[in-house]
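Trainee: the following block contains a protein sequence and its predicted model.
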There are 2 protein chains.
Amino acid sequence: MQIAIGLYPGFTALDAIGPYQVLSNLPGAEIVICAEQKGLLPDDNDLLHFDIAHTFDDVPSPDVLLVPGGMITRKIARDRGPIVDWIQSAHETTTHTTSVCTGALLLGAAGLLEGKLATTHWLSYEHLRGYGATPTEQRVVTDGKITTAAGVSAGIDLALTLVGVLAGPEVAQAIQLGIEYDPQPPFDAGAPSKAPAEIKALVTDLMHAAEDALLTS
Amino acid sequence: MQIAIGLYPGFTALDAIGPYQVLSNLPGAEIVICAEQKGLLPDDNDLLHFDIAHTFDDVPSPDVLLVPGGMITRKIARDRGPIVDWIQSAHETTTHTTSVCTGALLLGAAGLLEGKLATTHWLSYEHLRGYGATPTEQRVVTDGKITTAAGVSAGIDLALTLVGVLAGPEVAQAIQLGIEYDPQPPFDAGAPSKAPAEIKALVTDLMHAAEDALLTS
């Protein structure tokens, strides 16, 4: 089974690495990390640089496709970057097409979310609507062969859900135990419904400003 | 404030990237990812290759030091790899010396855990004892200026705990909301006390075999 994780300059690292850590433990899975071009690819902080060994053209028909999010996705979706064409084409033969965080906007730009239930980072629900999707606040949502996850850290939950479907709950539990995924956040502010109002307002302002700056850059 | 994340060939990606994603959002933090040598560094699957821009010598006295784990740490600890000397030296002037998963064995090899409460991946408690530490099953443990976390995914909880100490709970909550860290694992098998016995036995066998193979390679 081939699992392609499609990246682009400016992706958010944990969006990709959370699922990667789960899926790379799936027996029989071939993980292929790909991007438009081979060579060094920066994350959204320009602090991590991944050496990419495979282009999108090298992975035209993965069984499972996963795209992470990033502040830059609205711009890529608007400009129809190369990853959008790859998603649209590869989706025709996938068994599961999946996204983490605002990776969902790239599925939307590829025309895959029309009439679908889907989720994304909590600050981007409105953009999902723009692609004809019905956003939900669930952490992981499956509609047909499309599975989307909420923001950044939700990719771990998505990947374990996917392993449960692909290989059964025992394999998913074994991987969960292997990565000791028994989360105990020291605070309880990880969802907009749980965070204090002033924290939510602060994060909203900061993230919108960062995203807007990218859109006009 | 300088935060150094020290890597080595064979590290487990999520151990490093979970904390990285949290700490890179800390206002005023300078994150430096470093290793013995510049250039490409493989993770434990040899699927991810990070381009390293800074050596240990470039970061002799970080304020915060973090080391991820990996199957290879027992071997590095036994052979006293270069990261062990760096940890020992840098620790003299850190305000916080931290590890995720079996990164704790590297702190142990550097002589930092004698008489300390500490944690690591649940399969490696006995190795902590070998370094004079008292292992605990807590997810994140602070003893003096040393904070250790449980396996792989626990680095996210460690980093949020650390941000709470360094910058206050509001900043930690804002980062938690930004990365939408409201975990909802689809299974409840993330700790040895929660996983079914046969799953625990399977994971124990697989991980011990993998680790033993590295020790004799």
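Mentor: It's in.
Trainee: how about the helices in chain A?
Mentor: Ranges of helices in chain A, per DSSP state H, are A:13-23, A:73-79, A:82-91, A:103-109, A:125-129, A:154-167, A:169-178, A:197-215.
Trainee: only C-alpha atoms, please: export the second one in CSV.
Mentor: Provided in CSV are the C-alpha atoms of helix A:73-79 (Å, rounded to 0.1, in the frame of the first residue of the first chain):
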residue,chain,number,x,y,z
THR,A,73,-2.7,27.2,1.9
ARG,A,74,-5.2,30.0,1.1
LYS,A,75,-2.7,31.5,-1.2
ILE,A,76,-1.9,28.2,-2.9
ALA,A,77,-5.6,27.4,-3.3
ARG,A,78,-6.2,30.8,-4.8
ASP,A,79,-3.3,30.5,-7.2
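Trainee: in that helix, what's buried?
Mentor: Neighbour counts over helix A:73-79 (16 or more other C-beta atoms under 10 Å in any protein chain shown) mark A:73, A:74, A:75, A:76, A:77 as buried. In this view, the C-beta of every residue, glycine as well, is placed from N, C-alpha and C.
Trainee: ok, the residue nearest the centre of chain A - contacts?
Mentor: Geometric centre of chain A, nearest residue: residue A:100, 2.1 Å, by C-alpha atoms, centre = their mean. Taking C-beta atoms under 8 Å, 6 or more residues apart in numbering or on different chains as the contact definition, residue A:100 lies against A:15-16, A:18-19, A:66-69, A:148-149, A:152, A:154-155, A:158.
Trainee: do residue A:199 as well
Mentor: Counting by C-beta under 8 Å, 6+ apart, residue A:199 makes contact with A:189, B:170, B:173, B:174, B:177.
Trainee: mind putting the residues you listed into a markdown table with pLDDT and distance to residue B:216?
Mentor: Listed next are these as a markdown table, based on pLDDT from 0 to 100; distance: C-beta to C-beta, whole Å:
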| residue | pLDDT | distance to residue B:216 |
| --- | --- | --- |
| A:189 | 97 | 46 |
| B:170 | 97 | 50 |
| B:173 | 98 | 46 |
| B:174 | 97 | 47 |
| B:177 | 98 | 46 |
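Trainee: with those residues in mind, which one is nearest to residue A:107?
Mentor: Nearest to residue A:107 among these: residue B:177, at 23.6 Å, using C-beta to C-beta.
Trainee: what about the closest one, how many neighbours?
Mentor: 27 (other C-beta atoms under 10 Å in any protein chain shown).
Trainee: residue A:193 is in contact with that one, correct?
Mentor: No - checked against C-beta atoms under 8 Å, the pair residue B:177 and residue A:193 is beyond contact range at 10.4 Å.
Trainee: now residue A:116: closest residue in space, sequence neighbours ignored.
Mentor: residue A:143 (4.5 Å; C-beta to C-beta, 6 or more residues apart in numbering or on different chains).
Trainee: nice, that's everything, thank you.
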